[in-house]
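K.L.:
Next one to model:
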Amino acid sequence: MTLEAILAYVHLLAILTMVVFISSEAALCRVEWINKAVVERLARVDAIYGMAALVVLATGIARTVWGVKGPAWYWTNPLLHVKLTLFIIVGLMSIVPTMTYLRWRKQLRAGGALPADAEVRKTRKLVMIQAHILVLIPLFAVFLARGFGK
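P.N.:
The predicted structure follows:
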């Protein structure tokens, strides 16, 4: 029971961290706010977001393996697969903004160039789509935890 509680706590903490940092990315990645400090900050914020996502994935898998309900209960429930699929979609979508922030930072450090407005808008749109998909995952988690889908 103690392991279950600790895994649940770390999982929830990592989820909240993801939400805070994807929200920070969405807030910072705006044409009207982009400057040298923001470009540097976006790369750091995105790195924390990525680390939190890895912790969410690791603790989520650990909860299915070592949790009270056991792997057979979790892995046969289609809602777990919906959650995991949405999480993977968000993860794959996050590759583009991550690579973009790193490129922006490299360009900034090399010659002081800020990204073009169109590129900032395009990147923010991807971040917003991720954020909107991310908020759906807990909906499936709530139903999964209550035995729906079995």
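
K.L.:
give me the low-pLDDT residue ranges for this structure?
P.N.:
Across the chain, not a single residue meets the criterion (pLDDT under 70).

K.L.:
Output the longest helix belonging to it.
P.N.:
Using DSSP state H to define each element, the chain has its longest helix at helix 78-111.

K.L.:
So what's the gap between that helix and the chain middle?
P.N.:
If you compare the mean C-alpha spot of helix 78-111 with that of the full chain, they lie 8 Å apart, counting by C-alpha atoms, centre = their mean, to the nearest Å.

K.L.:
please renumber so the chain begins at 630
P.N.:
Sure thing, new numbering starts at 630, so read that last one as helix 707-740.

K.L.:
Pull out the buried positions in that helix.
P.N.:
Neighbour-count burial for helix 707-740, counted by 16 or more other C-beta atoms under 10 Å, picks out 708-709, 711-713, 715-716, 719, 722-723, 726-727, 729-730, 733-734, 737. For glycine as for every other residue, the C-beta is placed from the backbone atoms N, C-alpha and C.

K.L.:
just the helices in this structure please.
P.N.:
All helices of the chain, identified by DSSP H, fall at 631-657, 665-695, 699-704, 707-740, 746-763, 766-774.

K.L.:
neighbours around the nearest residue to residue 650 once chain neighbours are set aside, how many?
P.N.:
Counting by C-beta to C-beta, 6 or more residues apart in numbering, residue 650 lies nearest to residue 678, which is 3.9 Å off, once chain neighbours are set aside. A total of 23 residues lie near residue 678 under the criterion other C-beta atoms under 10 Å.
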